[in-house]
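[1] got a structure for you, letters missing:
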């Protein structure tokens, strides 16, 4: 490189350095160089860095318990109607033992979790009732019908009243007449848990039962005071006649080992398409 080119380069570097120095001074915002700014306001600088690096925490609100307790250690339920009491029973009082016990119809009411779902200050009256339910064919011959429909009738077996407030576990067992709970071809059992001092009226009894299919049984009660129900459906409703009895084998229908008609291509009751039932 010759001397003239070297002199030009040195002057250019000097100009660039001067420009950078001027820019560094102006970027301090009138507070001098970086060391001076850091010395004068270390707290402000640290706060700014923390604010940019850490997100501002947000407040998380916890949902209040559904049935909190007061100073007396209980949830005030004075003035509740039967529907409100049924909602409380349905929320958490029916223990898992009710559905897992091999003894069909056993109902257990659990203790409340203090401060969350009680206990209640005043016990509520809860009824556990059992019926025998009989399926009837609505047509002349459901065995040959492409879309079988059934009706049902109920016969009361037992009703037990318990006072529940969530302070103690309480059990209700089905009547001995149910035995093992094994249903017949056209006869099964129904259990319902409802609130109130008296039994269900005729207008409060089930209006529809949907049985079979992939969803399982569904019992429709028109009254909200029914907290829950359980159905043990007949074992072979497709064989029932209009009177609620299996068709006799004298009609030439072959029977299987259990004596229930064994029809070609007939599915088990639990795999039948959904079958709507209405009161007879």
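    Yep, it's here. It should be emphasised that the depicted structure is a prediction, and the values quoted were computed from it without experimental measurement.
[2] Check which residues of stretch 173-193 are buried.
    173-174, 178, 183-193 (16 or more other CB atoms under 10 Å). Any C-beta I mention is one placed from the backbone N, CA and C, and that applies to glycine too.
[3] next one: stretch 235-244
    235, 236, 237, 238, 239, 240, 241, 244.
[4] What is the nearest of those residues to residue 168?
    residue 235 (37.1 Å; CB to CB).
[5] The closest one should be in a helix, yeah?
    No: residue state for residue 235 (DSSP: H, G, I helix; E, B strand; the rest coil) corresponds to coil; a helix is not indicated.
[6] Max pairwise distance over the buried residues of stretch 235-244: which two?
    235 and 241 (15.5 Å).
[7] Include distance to residue 109 when you put the buried residues of stretch 173-193 into a markdown table, please.
    Output for the buried residues of stretch 173-193, formatted as a markdown table (distance: CB to CB, whole Å):
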| residue | distance to residue 109 |
| --- | --- |
| 173 | 13 |
| 174 | 15 |
| 178 | 20 |
| 183 | 26 |
| 184 | 30 |
| 185 | 33 |
| 186 | 32 |
| 187 | 28 |
| 188 | 24 |
| 189 | 20 |
| 190 | 19 |
| 191 | 14 |
| 192 | 14 |
| 193 | 9 |
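[8] ok, so of the residues you listed, who is nearest residue 129?
    For the buried residues of stretch 173-193, the nearest to residue 129 is residue 192 (5.4 Å; CB to CB).
[9] Excluding chain neighbours, what is closest to the closest one?
    Residue nearest to residue 192 in three dimensions, not counting chain neighbours: residue 229, with 4.4 Å by CB to CB, 6 or more residues apart in numbering.
[10] Tell me how many other residues crowd that neighbour.
    Residues near residue 229, counting by other CB atoms under 10 Å, number 18.
[11] Please confirm that it is located within a strand.
    Yes: judged by three-state DSSP, residue 229 forms part of a strand.
[12] Tell me the pLDDT of it.
    Per-residue confidence (pLDDT) for residue 229: 92.
[13] thinking again about what came up before, looking at the buried residues of stretch 173-193, which one is closest to residue 135?
    Among the buried residues of stretch 173-193, and counting by CB to CB, the member closest to residue 135 is residue 186, at 5.2 Å.
[14] for the closest residue to that closest one other than its chain neighbours, what are its contacts?
    Distance criterion CB to CB, 6+ apart; nearest residue to residue 186, sequence neighbours excluded, is residue 240 at 4.0 Å. Residue 240 is in contact with 135, 136, 137, 142, 150, 185, 186, 234, 246, 247, counting by CB atoms under 8 Å, 6 or more residues apart in numbering.
[15] One more: residue 221?
    192, 194, 200, 204, 205, 206, 207, 229.
[16] Of those, which is the most crowded?
    Going by other CB under 10 Å, residue 194 tops those with 25 neighbours.
[17] Who are the packing partners of the helix or strand containing that one?
    Using DSSP states H and E, residue 194 sits in strand 187-195. Using 3 or more CB pairs under 8 Å, 6 or more residues apart in numbering; DSSP states H and E, the elements in contact with strand 187-195 are helix 82-88, strand 124-137, strand 226-232.
[18] swap the cut-off to 10 Å and go again
    helix 82-88, strand 107-109, strand 124-137, strand 150-164, strand 208-211, strand 218-220, strand 226-232 (3 or more CB pairs under 10 Å, 6 or more residues apart in numbering; DSSP states H and E).
[19] Least confident of these, on average?
    When I compare the helices and strands packed on strand 187-195, strand 208-211 is least confident, with a mean of 78.
[20] most surrounded residue in the contacts of residue 240?
    residue 135 leads the contacts of residue 240 on contacts (other CB under 10 Å) with 29 neighbours.
[21] That one against residue 151, yeah?
    Yes: the pair residue 135 / residue 151 is scored as a contact, 7.6 Å apart, by CB atoms under 10 Å.
[22] Show me whatever sits in contact with both of those two.
    Common neighbours of residue 135 and residue 151, using CB atoms under 10 Å, 6 or more residues apart in numbering, are 209, 240, 244, 277, 280.
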